[in-house]
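Got a predicted structure plus its sequence, pasted below:
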Amino acid sequence: MNRIDIDVNKLETAASKLRAISHPMRIAIIDLLSKGNKLSVTDIYQSLDIEQATASHHLSILKNKGVLVSKRDGKKIYYALRSLILTEIIDCVNRCNEF
């Protein structure tokens, strides 16, 4: 029997990112950003019809877990996905909901 080498650190990192995206509002934010646009907090909370504080809270979680990157431009901070790989996971989840 072949032994499988498991990198526990990589698994923990993956699990952490999956936990970060496991909230419906965070999935909606990722979906908005998956179009390749950089969006401000204002763009995001207005598009999702949520409070600014709620959007900021979810953006902070996603950024802290390495899902998003941000860049300041004057007074505004723009957010973008660090990688489009997570959008593939969300697409897969959406396809599973079709059954």
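Structure's in. What do you need? Please read all numbers here as calculations on a predicted model, not as lab measurements.

wait, doesn't L59 sit right on Y45?
No - under the criterion of Cβ atoms under 8 Å, L59 is not in contact with Y45, lying 9.4 Å apart. Glycine gets a C-beta too; all of them are placed from N, C-alpha and C.

out of the two, which sits in the more crowded spot?
For L59 against Y45, the residue with the higher neighbour count under other Cβ atoms under 10 Å is L59, and the figures read 23 against 20.

Can you get me a residue count around the residue nearest to that one when sequence neighbours are not counted?
The spatially closest residue to L59, leaving aside those adjacent along the chain, is Y79, at 5.8 Å (Cβ to Cβ, 6 or more residues apart in numbering). Y79 sits with 23 neighbouring residues when counted by other Cβ under 10 Å.

hey, what's Y79 bridged with?
Beta-bridge pairing of Y79, defined through DSSP bridges, involves L39, S70.

contacting residues for it?
Taking Cβ atoms under 8 Å, 6 or more residues apart in numbering, we find Y79 in contact with L33, K38, L39, S40, V41, I44, L59, L62, K63, L68, V69, S70.
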